[in-house]
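Asks: when you get a sec, could you give me coordinates for this:
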Amino acid sequence: MALLVQKYGGTSVGSAERIQAVARRVVAAADRGQKVCVVVSAMSHSTDELVDLAAQISSVPHPREMDMLLTSGERISMALLSMAIMELGREAISMTGSQAGIVTDTSHGRARIVEVRARRVLEALDEGKIVIVAGFQGVSTEYNITTLGRGGSDMTAVALAAELDADVCEIFTDVDGVFTADPRIVPEARQLHAVSYEEMLELSASGARVLQLRCVEYARNHGVLVHVRSSFNAEEGTWVREEDERMERAIISGIAHDTSEAKVTIVGVPDKPHVAARVFTPLAREGINVDMIVQNISTDGRTDISFTLPKDDLVRAKPLLDEVATGVGAREIQTDDSIGKVSLVGAGMKSHPGVAADMFEALGDAGINIEVISTSSIRISCIVRATDVEQAVKVVHKKFELPEEAVAREQHPATATDQIKALRPPQSDGEAAS
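Replies: Numbers count the residues shown, from 1 in each chain. Below you'll find the model as predicted:
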């Protein structure tokens, strides 16, 4: 019997009517003979409302209590969906993250999963029940409730799919799949039929909000076939999986953009060994993720180090950076929160020279100045003014004719069943689900 893990986002369970619609979809899957485990997010906007409530009580809420508060939203969704499924005549049981065996480290607000002990979930599935799990949460090794960070319900779903050895993990959301660009900016953007784990990792890291970065990494490491699709229709979405020969026909998969980062420049840093380590080690200890890093050529024994980090972390990072600057003898620290990042992603660019030049030409012809450039084998990212981001996405999308390029991934259509059978990354004989 096939085993299916489905995840529904906040918009999908945003009202009683939508919860009932999800229940009908889940029951339909169960009626087809599949075992079904469902992961739910909090109802749309409820998490933001809880954050606002906490801010009215405390300017700096205690991290443990904040996690206790925020996890209540998913518990509401799971109970309501379980009730709706029972009303349709199927047995269902709801579980919190801790009851489902999601064990994390001790970091509140952005915990990482260290183990999944899904015995209770498996037992319930074997009894013929539909299992509803609260996403975004787990229990730490010190027995405290923890949250997995923004988009953490995706992580819950993929982790459970890996542990349960599910045939597929369906991520239901309010979009039809992964597109060549944000359709709100580029109306002619095309939906991709399939995208590789590596490409999806780069897209997520570059600002695409379809899947959480960590969940894509987990899916790749554990061979989980992911299907991103809309909860509002029955159309096939985008498959996230191992790269194959069909993907190599498209040079570029898509464009991602991000305006949630700020740029920091430490001016006049002594150009000596260990200075970079002294700059970034305190940020790492504080759990602040640094993205693009550029160090200028040394002049008179000094250099400038520029990097980007989330705007939300800028307040926490500033005192650390002031202390670092004083310690290493830097001249000053400059911050800029009016930037945006535009990234071009595609596995095909590894074997196609000239992609970077074409991207820079498109931006230059549009009068858009590039402030920082960062590359990997399948990604090119440029920092521009935040006010130029939308125009940058449009001109680069047009330059690479992405609507036509995307067709290369649709030349061999297959049914969802065929995808599950043929495209799931194979496991070795000795490989255990984890």
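Asks: wait, doesn't residue 370 sit right on residue 382?
Replies: Yes. Applying Cβ atoms under 8 Å as the test, residue 370 and residue 382 come out as touching, 4.7 Å apart. Placement of C-beta: from N, CA and C, glycine included.
Asks: now list whatever residues contact both of those two.
Replies: 360, 363 (Cβ atoms under 8 Å, 6 or more residues apart in numbering).
Asks: what residue ranges in the stretch 101-250 of the chain score low on pLDDT?
Replies: Within the stretch 101-250 of the chain, the segments meeting pLDDT under 70 span 244-250.
Asks: so where do the strands sit in it?
Replies: Applying DSSP state E, counting those that start in this stretch to the stretch 101-250 of the chain gives strands spanning 102-104, 113-116, 130-134, 137-140, 145-147, 168-173, 194-196, 226-230, 238-241.
Asks: what sits closest to residue 294 if chain neighbours are left out?
Replies: Among residues not flanking residue 294 along the chain, residue 306 sits closest, at 4.8 Å (Cβ to Cβ, 6 or more residues apart in numbering).
Asks: from residue 219, how far out is the residue positioned nearest the centre of the chain?
Replies: By Cα atoms, centre = their mean, the chain has its centre lying nearest to residue 212, at 1.4 Å. Distance of residue 212 to residue 219, given as Cβ to Cβ, to the nearest Å: 10 Å.
Asks: could you do residue 104 as well?
Replies: For residue 104, the distance to residue 219 - Cβ to Cβ - is 18 Å.
Asks: likewise for residue 305?
Replies: Residue 305 is 34 Å from residue 219, by Cβ to Cβ.
Asks: the two: which has the busier surroundings?
Replies: The residue with more neighbours, out of residue 305 and residue 219, is residue 219; 28 against 20, by other Cβ atoms under 10 Å.
Asks: for the stretch 251-400 of the chain, what spans make up the strands?
Replies: 254-258, 261-270, 293-295, 302-310, 332-336, 339-345, 372-376, 379-385.
Asks: okay if I get the ones you listed as JSON lines plus distance to residue 351?
Replies: As requested, those are exported to JSON lines (distance: least, Cβ to Cβ, whole Å):
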{"stretch": "strand 254-258", "distance to residue 351": "18"}
{"stretch": "strand 261-270", "distance to residue 351": "30"}
{"stretch": "strand 293-295", "distance to residue 351": "26"}
{"stretch": "strand 302-310", "distance to residue 351": "29"}
{"stretch": "strand 332-336", "distance to residue 351": "36"}
{"stretch": "strand 339-345", "distance to residue 351": "15"}
{"stretch": "strand 372-376", "distance to residue 351": "15"}
{"stretch": "strand 379-385", "distance to residue 351": "15"}
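Asks: got the ones you listed as JSON lines, with mean pLDDT and distance to residue 3 columns?
Replies: Below are the strands of the stretch 251-400 of the chain laid out as JSON lines (pLDDT from 0 to 100; distance: least, Cβ to Cβ, whole Å):
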{"stretch": "strand 254-258", "mean pLDDT": "94", "distance to residue 3": "30"}
{"stretch": "strand 261-270", "mean pLDDT": "94", "distance to residue 3": "38"}
{"stretch": "strand 293-295", "mean pLDDT": "89", "distance to residue 3": "42"}
{"stretch": "strand 302-310", "mean pLDDT": "94", "distance to residue 3": "36"}
{"stretch": "strand 332-336", "mean pLDDT": "94", "distance to residue 3": "48"}
{"stretch": "strand 339-345", "mean pLDDT": "95", "distance to residue 3": "31"}
{"stretch": "strand 372-376", "mean pLDDT": "90", "distance to residue 3": "35"}
{"stretch": "strand 379-385", "mean pLDDT": "95", "distance to residue 3": "34"}
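Asks: nearest to residue 84, of the ones you listed?
Replies: Evaluated with Cβ to Cβ, these place strand 254-258 nearest to residue 84, the distance being 35.1 Å.
Asks: okay, now the sheet partners of that closest one, with direction.
Replies: Applying DSSP bridges, strand 254-258 is found paired with strand 339-345 (antiparallel).
Asks: who's in contact with the strand it pairs with?
Replies: Under Cβ under 8 Å, 6+ apart, the answer for strand 339-345 is 199, 202-203, 206-207, 252-259, 261-263, 291-292, 308, 355, 359, 363, 371, 378-386, 388-389, 392-393, 396, 400.
Asks: the residue located most distally from the centre of the chain and residue 269, how far apart?
Replies: Outermost residue of the chain with respect to the C-alpha centroid, by Cα atoms, centre = their mean, is residue 300; its distance is 42.4 Å. Distance, residue 300 to residue 269, using Cβ to Cβ: 12 Å.
Asks: where along the stretch 301-434 of the chain do the helices fall?
Replies: Assigned by DSSP state H, counting those that start in this stretch, the stretch 301-434 of the chain shows helices spanning 314-328, 355-365, 389-399, 402-406, 416-423.
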